[in-house]
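> Please work out how this folds:
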Amino acid sequence: MAIDRAYVPRDAEGVHRLMAACAEDTLKAAPFPTAAGVLAEMQGRPGREVWAWLARPVGPASTPAGLAILVAAGQSAHLRWSIGLLVVDPACRRRGVGMSLVATAVHFAEVRGASVVHAETLDRWPAAAAFWRAARLAAERHLTRLPVSGESRKTAEG
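Sure thing, here's the model as predicted:
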């Protein structure tokens, strides 16, 4: 599996296919973001910078296996770094794709001065909550020196 540095507009069709596969699997638990919404999230705006990485099997014209979006929001002296979205095709889960994407995003943030990278999920997605607990432990032990917050949105917001 290869992690590509940046999303580029020609990747939009692959993102649509990835989001459709994930939505079909996830809609049973909770509403899922649309591809159009995700593509809009990847756009920077004043006070918010965004980077995205795709994981895809090695080979020409392969459909993405996963997508991670990293967001830095706020003023340069007080940026809040967060994983805005992480999705992995259900057929590619439990193969290290998500952890590789998180490691790439966290390393990118660390090189730019981040001391913490936040991540939130919904309690309605127990597999996602379990993934973030594991990612938090992996970040502390293996991936990087950065702590990754993996609290559920319900816990984080009260």
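
> show me where this protein has strands.
Listed in chain order, the strands of the chain (DSSP state E) span 2-4, 48-56, 66-73, 80-88, 117-118, 148-149.

> ok, now which ones touch the residue lying closest to residue 114 once chain neighbours are set aside?
Spatially, and ignoring its direct neighbours in sequence, residue 114 is nearest to residue 81 (4.3 Å; CB to CB, 6 or more residues apart in numbering). (Glycine included, C-beta is placed from N, CA and C.) Counting by CB atoms under 8 Å, 6 or more residues apart in numbering, residue 81 makes contact with 70, 71, 72, 109, 114, 116, 117, 118.

> Beta-bridge partners for residue 81, please?
Beta bridges link residue 81 to residue 72, residue 117 when assigned by DSSP bridges.

> how much space between it and residue 92?
Separation of residue 81 from residue 92 (CB to CB, to the nearest Å) stands at 25 Å.

> Any idea how many residues pack against the residue nearest to residue 38 when sequence neighbours are not counted?
In space, and not counting its chain neighbours, residue 38 is closest to residue 19: 5.9 Å by CB to CB, 6+ apart. Residue 19 sits with 24 neighbouring residues when counted by other CB atoms under 10 Å.
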